[in-house]
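Peer 1: Pasted the sequence and its predicted model underneath.
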Amino acid sequence: MRIEPVESGSQPFRADLNLLIALDALLAEESVTGAADRLGLSGPAMSRTLGRIRRALGDPVLVRAGRHMVPTPRALALRADVSRVLDDARALFAATAPADPAALTRAFTLSAHDSNVVAFGAGLLDRAARTAPGVTLRFLAEGSDSVPPLRDGSVDLEIGVIDRNEPEIRVEPLGEDRMVGVVRPGHPLLDGPVTAHRFAAADHLVVSRRGRLSGPVDDALAARGLRRRVIGSAPTMAAALFLLPRGDAVGLAGERLDAAAVAALGLRTFEVPLPLPPLPMAMAWHPRHDADGGHRWLRALVRDVVRDTFARPTQ
């Protein structure tokens, strides 16, 4: 559903859903120009609409900070409510009309680990472009656990290992991956059988966006009385994989999720000699999207692309 914001005039302010759409775009883009492009308006028209919003709220909403604009505290406090109201309005109209992908004109926000974006992003973008040319997919990095992005409406769908227990969130399993070891070609670890002792004795590079230096591997090693030496951590899987060819560090990667990146960098994989837990992939969303035809299409798109990826044979 798309409703163009109306330009301001001399009439007194009246409650207007169009202003909420404009406000949502302004808060998302934090730019008058960006919001205008998002809604297909001219810059002056968007500026006039921002003026109407400011008068209605009694707040400047966006203020200049150097060369950029930033939202005011009041605007930040309203962001989740604005998004939720628009989601409810879209669901109201979508529930009475069948979802036609070719007619969809929406931007969907997906939260995913960088491995998942690398694994599924190209397929999602390609299929969306062919079946729903009016749809834009916006990928965001995983956020802080303290922020409920699915509930506050800032994220439409989350893809990955869903291990939180947020109230009322819908979770649908999509498949399962497993971890394999990754090293550069000619790494000394590949000169013989990779035993738990040889694996533990190597230098290790871990992936953690919070800088954590331990995880399930360390638990599995500790059960055997072993301990590995972690020489560093990288914030993303992509960063870690690019570091591995330049030294003797050992990394871990998803056998299927990271297969394309591992192959592109010429890295080698090996079986980890430890009983590591699997990686259960799933997607999660807020139930307010259950009846939304556009969101149902999005979930079907993700379901098909992820399952096709997992169905491919490993090298």
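Peer 2: That came in fine, so what should we check first? Everything numeric here is computed off the predicted structure, so don't read it as measured data.
Peer 1: tally of neighbours for Arg246?
Peer 2: By other CB atoms under 10 Å, the residues close to Arg246 number 8. Quick note: C-beta positions are derived from backbone N, CA and C, even for glycine.
Peer 1: Any figure for the gap between the nearest residue to it once chain neighbours are set aside and Thr236?
Peer 2: Leaving aside its chain neighbours, Arg246 sits nearest to Arg184 (7.7 Å; criterion: CB to CB, 6 or more residues apart in numbering). To Thr236, Arg184 is 19 Å away according to CB to CB, to the nearest Å.
Peer 1: Could you do Ala264 as well?
Peer 2: According to CB to CB, Ala264 and Thr236 sit 15 Å apart.
Peer 1: before we move on, what about Ser214?
Peer 2: Distance from Ser214 to Thr236, counting by CB to CB: 18 Å.
Peer 1: Looking at the two, which has the bigger crowd around it?
Peer 2: Thr236 (18 against 15).
Peer 1: ok, now which ones touch that one?
Peer 2: Shown in contact with Thr236 (CB atoms under 8 Å, 6 or more residues apart in numbering): 114, 141, 207, 209.
Peer 1: can we see that at 7 Å?
Peer 2: With contact set as CB atoms under 7 Å, 6 or more residues apart in numbering, Thr236 has these partners: 114, 207, 209.
Peer 1: can I get those in TSV with distance to Thr72 and pLDDT?
Peer 2: As requested, those are exported to TSV (distance: CB to CB, whole Å; pLDDT from 0 to 100):
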residue	distance to Thr72	pLDDT
Asp114	32	87
Val207	37	92
Arg209	29	81
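Peer 1: Take those residues and write them to a markdown table, including secondary structure, distance to Pro277 and neighbour count.
Peer 2: Putting the contacts of Thr236 into a markdown table (DSSP: H, G, I helix; E, B strand; the rest coil; distance: CB to CB, whole Å; neighbours: other CB atoms under 10 Å) gives the following:
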| residue | secondary structure | distance to Pro277 | neighbour count |
| --- | --- | --- | --- |
| Asp114 | helix | 20 | 21 |
| Val207 | strand | 16 | 21 |
| Arg209 | coil | 19 | 15 |
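Peer 1: Closest one of those to Arg151?
Peer 2: Arg209 (21.0 Å; CB to CB).
Peer 1: what pLDDT does the closest residue to the closest one other than its chain neighbours get?
Peer 2: Nearest non-adjacent residue to Arg209, counting by CB to CB, 6+ apart: Pro235, 4.9 Å away. With respect to pLDDT, Pro235 scores 90.
Peer 1: isn't Pro235 right up against Arg212?
Peer 2: No - with contact defined as CB atoms under 7 Å, Pro235 does not reach Arg212; the gap is 10.8 Å.
Peer 1: When the two are compared, which one has more neighbours?
Peer 2: Between Pro235 and Arg212, counting by other CB under 10 Å, Pro235 is the more crowded of the two (14 against 11).
Peer 1: Can you name the next helix or strand after the host helix or strand of Asp219?
Peer 2: Using DSSP states H and E, Asp219 sits in helix 216-222. Downstream of helix 216-222, the next assigned helix or strand under DSSP H and E is strand 229-234.
Peer 1: buried stuff in that next one?
Peer 2: Buried positions in strand 229-234, judged by neighbour count with 16 or more other CB atoms under 10 Å: 230, 233-234.
Peer 1: and if you look at stretch 211-229?
Peer 2: Of all the residues in stretch 211-229, those buried under the rule 16+ other CB under 10 Å are 217-218, 220-221, 228.
Peer 1: avg pLDDT for it?
Peer 2: 91.
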